[in-house]
Structures are given as C-alpha cells and as structure tokens.
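K.L.:
for reference, the sequence and a predicted model appear below.
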There are 4 protein chains.
Amino acid sequence: MPKSTFKNLPKEKKDRIIDAAIDEFANNNYHKASITNIIEKSNIASGSFYQYFENKEDLFKHLINIVGQRKLDYLDKEIMQRPDEINFFELLKKLYQGGLNFAKENPRLLSIGNNLVNNNCEVCNKIMEELKPQSDQFFKRLIKMGIKRGDLKEDIDVEFTAKFLTSINYSLSDFFYTEDGLNENAMVPVEALIEIIKDGIKPKRGDK
Amino acid sequence: MPKSTFKNLPKEKKDRIIDAAIDEFANNNYHKASITNIIEKSNIASGSFYQYFENKEDLFKHLINIVGQRKLDYLDKEIMQRPDEINFFELLKKLYQGGLNFAKENPRLLSIGNNLVNNNCEVCNKIMEELKPQSDQFFKRLIKMGIKRGDLKEDIDVEFTAKFLTSINYSLSDFFYTEDGLNENAMVPVEALIEIIKDGIKPKRGDK
Amino acid sequence: MPKSTFKNLPKEKKDRIIDAAIDEFANNNYHKASITNIIEKSNIASGSFYQYFENKEDLFKHLINIVGQRKLDYLDKEIMQRPDEINFFELLKKLYQGGLNFAKENPRLLSIGNNLVNNNCEVCNKIMEELKPQSDQFFKRLIKMGIKRGDLKEDIDVEFTAKFLTSINYSLSDFFYTEDGLNENAMVPVEALIEIIKDGIKPKRGDK
Amino acid sequence: MPKSTFKNLPKEKKDRIIDAAIDEFANNNYHKASITNIIEKSNIASGSFYQYFENKEDLFKHLINIVGQRKLDYLDKEIMQRPDEINFFELLKKLYQGGLNFAKENPRLLSIGNNLVNNNCEVCNKIMEELKPQSDQFFKRLIKMGIKRGDLKEDIDVEFTAKFLTSINYSLSDFFYTEDGLNENAMVPVEALIEIIKDGIKPKRGDK
DNA sequence: GATGAATGAGCGTTCATTCAT
DNA sequence: AATGAATGAACGCTCATTCAT
C-alpha cells in the first residue's frame, strides 16, 4: 500500500528505493532495519520517504508482497505449468526444489521471508496472520488434486496435511542453510524428504 | 552466566527480575526488548541490573538456559523416563505432545524460544550456533534406538531424519498457535502428524 | 569535519553551538565535557547535534581547528607580515607576546588548547600526533632564516632548538597564568625570556 | 590525607591498593580513572575504599604526594648531596638528567605527574595551585646559590629564571618521550639544553 | 572495621517521523 | 512533489558513592 506518489515515480527511482529496502530488511530484522539507512542508500530525501510510504510498516508490507509475487512468478514459470498432469510427489519435489533454487538465486528475498516468519514483533505477526491462509490454501488445492489422481490416501486429513507441507516448506531452507548461503548439495536430501513424506520411516512388511 | 551478585539475591527478588525479563523478552525480540522496561517492572535500580548481569546479552542467555532447563525438566518428568522401553512412535508422540503441553502451560517461554530461533540478529545467531548440536544429537540418539528396536527402517539417513524431526518439532507450535495461544485441540493432530511420519501419505497396496 | 548540515546553518545558530561547545571544552577535559550540556546551552534538539557532527570527537576536532585557525589569523595580522626583515629575537619576542596576547584575549581558546595538549586520552593523543609536526616545522623555518640572517650561531642544532622553542611557547602561558587569567604584566618577562634564550644566564667576560 | 584506617592497614594491603591506584591514574586522566577498577585490581571491598579515603580526590592527592616524595628521595640520594660545592650548570644538568632517569625508571609515576599537570580539571588545578610554589622555591634557592658562587649573572631576575627552569624541567620528558617510553639517547640533548641556558643561541664576538 | 549490594544521575548516541520551505 | 533540518523519547550502560548488615 505505498502511496500513489510512489507508484508514479520513474521506474529507476522506484527500483533504487526497493533495492535499498530489500538490502536493509534482508540483513536486519524488522526493528533493526533502519529507514535512515534505506534513505541514504537510495539517495532520496528523508521527507520524500514519507510521501511514498505511510511509515516503516507500510514499506515492509510492500516488500513482503514483492517477495511473494516474485516467488510465485518463479515457481509458475518453472514448475506449475500443468500441475494436474504430474504425479503429486514429483510435483512436491519440484516445488521444494524450486523453492530452494529461488532461495539460492535470491538470497536476500529468502532472508526477508525468514525475518518475517521468525520475528515475533507486532508488525510481523500481523502480517503473518494475513498471509498464512494463502499458503495453506495453495497446498490444500494440491492435496485435493493428489487425492483425485490417486497419488494420496483418500482418508488423509487435508487441512492438517496442508499445514504440514507448508511448514516443511518453510523450514526447508533452514535445513540446508550454512554460513556461506545455501548448501550446493541441497537437492539430494529433498529426495530423502519426499521419501519420508511418501512412505514414512516405519519398516514395511517385506522390508528386510 | 549472571554474576554471583545475582545468585546471592533473595529468591523473591530473583524471581521478580526473571519474571519481568521473561515478560519483556516474550513480547519483544532481542533488539526491541528493553532493559529499561525490565528494570522498571522489577523495581530495581538501573545500576543494580549491571551488578547482576554483564549486559543485555548475558541476561538473554540466562533466560534461554532457563527455558531449556524448564522444558527438559518438564519432559523428563512426563516422558523420558524409560525411552528404550517404548515404541519409537509412541515416544515421538509423547515428546511432541509434551512439547505442546509445555508450550501451552508456558506460553511466554515458548515465545522466548521462538524469538531466539527466528530472529536473525547477531546475538541470537551466536546462541543458536551453540545450541543447535544439542537438539540434533538428542534426536539422533532416539533414532538409533528406534532402529535397534526395529521400529524404524534400517537404511534410514539418521543425520537427515534427525534434522527433519527437529525441524518438525520446532514448527509444531506454529501449527497450533492462534492469537489466543495454543489451540486446545492441538493434541489430536499430533496423531495425524505421527501417522505421516510413520507411514507417509502415499496409499499402500491393500489400501482402498 | 562537521557535516554539511552544520555548514549550512544560519550563522547565528552555528555561533550559538560553537560558543556553547567552546565553553564546555574550555572548562572540562575531553572526557568530562558533556554533549548534553552543549545541547542544552545552545538550545538545540539532541538529535540535531548528530545531524551536525558525527560524534563528540568530530566536534572536538572542529574546535581544535578553530582554535588553530584563529591563532594563526591573529599572529598573521599582528606579526608575521615580513618575517625575514626582522631580527630573529625581535620576531621571537613578537611571536611569544602575540601568543600571550591571543591567550589573554581568548582565554577559553587557550584552555581548549591546553586540554588537548595535556590530556593523555586516546582522542587527544591522536589529534596531537597529527598536529605536532606543524608546530615544529614552523620554528625550524624561523631558525634557518635566523641563521641565514646571522642572528643565530651557525652550529646550532636546528631540530632540537625548534623543539625547545616550541616547548617554551607551549609553557609560556603557564608562566603567567593565575587564577584570574593571564597576568597583566606578562609582557615584561617575555623580554627576560628572550634574553635568556639569546645570551644565556652565564656571566660573560667583561661583565661586572 | 587518607583516613587513619588506611594508615593502620598492614603494609601489604596498603601497597596493593596504592599500586593499583598508581596503575589506574598512570593510564587514565583524573576523570577517566575509575575507582571501581582500583577496587577490583586491589581486591578490596568497595565500601572499604571509602573507609580509607574520603573520596576519589583524596586518593589522588595522596598519590601526588607519593610521586613527589619518591622523586625527591631519588634526587636527594643521587644528586643533591652537596649542592653548594658544584658548578650551577653541572648541578642543573645532573638535576635534569636525574629527573629523566627517574622518569625512565618510574614511567607510571611520570605519567601521573603529566596527568596532573596537563589536565585542566577542577581537582587537578586545585592541586597544582598548592604545589607550584614548592617547585619554584626549590629553583630560587639554587639560583641564589649560583649567583653567590659567581656561576650566574648578578642582575638576573631570580623569580623569573626560577619559573623558567621549572617550566623547562616539566617539559623535558615531553622532549624525549616517544610511543615506547623515554628515548634512550635523552641524555645527550640535555647537554645542548644546558648550553642554550648557559650561553644563549646568539653568536658571540669571536665566534666564526 | 569489613562487606558488597544499592543507588540514580548521567553519559553518548540512534531513529522514525514531522514540518517548514 | 521534493527537500532536509528538526525533533525528542528512548536506548544500553558506567560510576562514584552510600548504607545496611
């Protein structure tokens, strides 16, 4: 919800501001992120900032929307072209891998997401509250599709499984994140993860 | 690592301070949590605080230890009495349920834990770095026990599964957390969760 | 190195701030001088101070520059017009007298200088390290001129004598400083000082 | 003026406290020197400190007395045995050299002295005011002796020359002080200094 | 006499936001 | 619409000194 003044800005200036903001919020949690820094980095007048955005929170929400949109675009292009034609677990794998790839290619956006999810500050919680349903909805649709395709048990608790897959999705990058960024070999364990989700960890009759 | 000055304080005063600190760090992330507030709430002189603790970080570390210890005590009493005599999945269920119960009974401690885990600030990361191995180790031991008991597949990736169970554990309270605290019905879905971990979500031969 | 914000301030306000700062640093050494006091005396918002200067050190360095510049201006106008046309000892006398006059007319600036020179604090030492060579260089040039003019012995140790004259210069105001400021009769003894430097204190052949 | 409680302390404890205090006041100017540090270094109770000394100022004055006394003892032993039997300039040389030697052997005491002399804080100025006459008196006696012995001009301004020699004495260590302490070759230039004082820097009749 | 916890004014600095131009 | 100076509450922390035991 930036003000119309922001939307009317020349693209170059808009980009400069958003880029500085992404940088700041990627490297600092909500409270530590400094509007002053963003103003300096993007080389605008401090007064101007408040003609573009209501306040810090307004900017942060805008960033969160950007992150979400960019990820969606990324996954759409790469993966979600024909979700109903692929086996559920293949789709899930691609989805998770896509998420990791996106994170690897956009570490700052990942960082902003993490800062949102993990920071129990009033603003963050409020935003989270608004966002959660979206992600759940997304997986609920996938799961129903999977059941229809016969890839998933019919008696599964859709609601809960959606939450579960969402949660796993969120923690994925934590799995593979090291000090130097995302582990290069992150893709291999995704397979193991899918296996667990698919078959569980209990030995089956016939297993040795 | 509070100073001895703190340890020697009368219990009532110690409790007052810790209580105020828990309150503050439960409701605010590390940076926003205010020593000034804690000092006011606990009604001590500002100088006294620094006779008790080296600095803000020292207090925070102490709180984290308290949270960890209290959770450990709680689980020990409730669950971990004879871990090798119980089926792995029963144990896991009890563990997760125990964690949720603890969180429900101690919402402020849960909140502090979340603030530690999720806040990408230097201090928090430093502390996390020190704590992470502990949690992983804990689940690794459980998993090896489970394999020995025949509850788990032999060819499972122990390291990875431990991380997976740790991660699930961390996200559990997120599952069931609402604005008013923990969902009363949280216990039912834990069963569903265990089922997924145990058997996966793929239909097996013989399922209808 | 005050920020441009400061330089752009209306002269009246700049003067108010500098005046308050001179007062504070004249009456207190670097550590005891209080930014808070300066802010109150000059009636600006505390935040404003840090829009004008980086920090306390930045302000102090600026004051030192002001003191140096004002003294230079003073001496230039009064004394240093044609240094090569005057006898070395006449020049020295005028220089010392000029320094004393400047100190008498600007006791607060003298005090700041003393606080810089005498206070073995990190900041002061750092600044001193930067300034020392200047003063030595100044006297070295004078001495070489004096030798050329035949006013000084040819075999004099230039380096050392420069240090000596610098040191005497620094201590001069100490000579004549009383609780009420500079002794009114300070000028007379400067002649005696010059005599000592010129002829020493040993009786010569032919003296009674 | 420490309290009698301090005087009655066992020597070992007294020494511990004084040593810690010398260390602190040698490395920091009056305001930055921290009673808290001294208390910690000397391992006494903070309350005890105020049973030994009135306050910070009281301790500092005591240290200054110690420094003065030790220097006096040092010079007495080394130099001042028969002042009237030695040529004035020889005596002066020995005195200055003795001062430098003392400073080289007792760098912490030198540092305290410098901190006193150079720091225009209220306490320091008050102490200086009390001490100055002593030093002047000392040189006045020497000068009168020198005149009587025929080493010095008869018409010299005794008062002023005493101040001059005192001042030179104070600045001497500044001459030769480097980052690593006192210059090893400090003694050579003392001769040059004496030459200046003795004969001045003006060429005499007969000089080439 | 010894102890060491208690005190609280004071410090330099940051920062989101406002407001006059 | 753009500017950038102004604002002031709040921060973590230090320290000489007091006081109850």
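P.N.:
Structure's in. What do you need?
K.L.:
which residues touch the closest residue in space to A:Asp151 that isn't next to it in sequence?
P.N.:
Setting aside the residues directly before and after it, A:Asp151 is nearest to A:Phe88 in space (Cβ to Cβ, 6 or more residues apart in numbering or on different chains), at 3.7 Å. From N, CA and C alone the C-beta is placed, and that goes for glycine too. Residues touching A:Phe88, when contacts are defined by Cβ atoms under 8 Å, 6 or more residues apart in numbering or on different chains, comprise A:142-143, A:145-146, A:149, A:151-152.
K.L.:
among those, which one sits closest to C:Asn169?
P.N.:
When those are compared for distance to C:Asn169 (Cβ to Cβ), A:Leu142 wins out at 85.1 Å.
K.L.:
quick one, helices of chain A?
P.N.:
Per DSSP state H, chain A carries helices over the ranges A:4-7, A:11-27, A:35-42, A:46-52, A:56-78, A:88-105, A:107-118, A:122-149, A:158-176, A:187-199.
K.L.:
quickly check: the second one near DNA strand E or not.
P.N.:
The one in question is helix A:11-27. No: under the criterion of Cβ under 7 Å from any atom of the strand, helix A:11-27 makes no contact with DNA strand E; the nearest approach is 8.7 Å.
K.L.:
cool, the fifth one as well?
P.N.:
Yes: applying Cβ under 7 Å from any atom of the strand, one finds that helix A:56-78 is in contact with DNA strand E at A:56-57.
K.L.:
ok, and what's touching that helix?
P.N.:
Residues external to helix A:56-78 that are found in contact with it (Cβ under 8 Å, 6+ apart): A:1-2, A:18, A:21-22, A:25, A:30, A:33, A:35, A:38, A:53, A:94-95, A:98-99, A:101-102, A:106, A:109, A:112-113, A:116, A:123, A:127, A:131, A:134.
K.L.:
which of the residues you listed are buried?
P.N.:
In terms of neighbour count (16 or more other Cβ atoms under 10 Å in any protein chain shown), the buried residues within the contacts of helix A:56-78 are A:2, A:18, A:21-22, A:25, A:30, A:33, A:35, A:38, A:53, A:94-95, A:98-99, A:101-102, A:106, A:109, A:112-113, A:116, A:123, A:127, A:131.
K.L.:
can you list the weak-confidence ranges in chain A?
P.N.:
Within chain A, the stretches with pLDDT under 70 are A:78, A:80-81, A:83, A:118, A:120, A:176-188, A:201, A:204-208.
K.L.:
end-to-end on stretch A:38-46?
P.N.:
The separation between the terminal residues of stretch A:38-46, taken as Cα to Cα, to the nearest Å, is 9 Å.
K.L.:
do it and chain C meet at all?
P.N.:
No: no part of stretch A:38-46 sits near chain C under the criterion Cβ under 8 Å from any Cβ of the partner chain; the closest distance found is 10.4 Å.
K.L.:
and for the closest residue to DNA strand F within chain A, the neighbour number?
P.N.:
Proximity of chain A to DNA strand F (Cβ to the nearest atom of the strand) peaks at A:Gly47, 1.4 Å away. For A:Gly47, the number of neighbouring residues by other Cβ atoms under 10 Å in any protein chain shown comes to 8.
K.L.:
mind listing what it touches?
P.N.:
Shown in contact with A:Gly47 (Cβ under 8 Å, 6+ apart): no residues.
K.L.:
residues contacting the residue of chain A found nearest chain C?
P.N.:
Checking chain A residue by residue against chain C with Cβ to the nearest Cβ singles out A:Ser46 as nearest, at 10.4 Å. Contact partners of A:Ser46, counting by Cβ under 8 Å, 6+ apart, are A:35-36, A:39.
K.L.:
ok, back up a step: quickly note the distance from the residue of chain A closest to DNA strand F to A:Lys41.
P.N.:
In this structure, A:Gly47 and A:Lys41 are separated by 16 Å, where distance is defined by Cβ to Cβ, to the nearest Å.
K.L.:
again, but for A:Gln137
P.N.:
Taken as Cβ to Cβ, the span from A:Gln137 to A:Lys41 is 36 Å.
K.L.:
try A:Lys126
P.N.:
Going from A:Lys126 to A:Lys41 by Cβ to Cβ gives 26 Å.
K.L.:
these two: which has the busier surroundings?
P.N.:
A:Lys41 (16 against 12).
K.L.:
list the contacts of that one.
P.N.:
A:20, A:23-24 are the contacts of A:Lys41 under Cβ under 8 Å, 6+ apart.
K.L.:
equivalent analysis for A:Asn115, please.
P.N.:
A:25-26, A:28-30, A:124, B:120.
K.L.:
so A:Leu109 makes contact with A:Asp23?
P.N.:
No: with contact defined as Cβ atoms under 8 Å, A:Leu109 and A:Asp23 do not form a contacting pair (11.1 Å).
K.L.:
once you drop chain neighbours, what's closest to A:Tyr96?
P.N.:
If the residues on either side of it in the chain are set aside, A:Tyr96 comes closest to A:Val190, at 5.2 Å by Cβ to Cβ, 6+ apart.
K.L.:
give me the number of residues near that neighbour?
P.N.:
A count of nearby residues for A:Val190, using other Cβ under 10 Å, gives 20.
K.L.:
what's the closest non-adjacent residue to A:Ala103?
P.N.:
Beyond its immediate neighbours in the sequence, the residue positioned closest to A:Ala103 (Cβ to Cβ, 6+ apart) is A:Leu110, lying 4.0 Å away.
K.L.:
distance of that neighbour from A:Lys104?
P.N.:
Between A:Leu110 and A:Lys104 the computed distance is 8 Å (Cβ to Cβ).
K.L.:
swap in A:Asn28?
P.N.:
A:Asn28 sits 21 Å away from A:Lys104, taking Cβ to Cβ as the criterion.
K.L.:
related to what we said a few turns ago, the residue nearest to A:Tyr96 against A:Leu100, yeah?
P.N.:
Yes: taking Cβ under 8 Å as the contact criterion, A:Val190 and A:Leu100 are neighbours in contact, 7.0 Å apart.
K.L.:
residues in contact with A:Ser173?
P.N.:
A:Ser173 makes contact with A:99-100, A:103, A:110, A:114, A:182, according to Cβ under 8 Å, 6+ apart.
K.L.:
no further questions, thank you.
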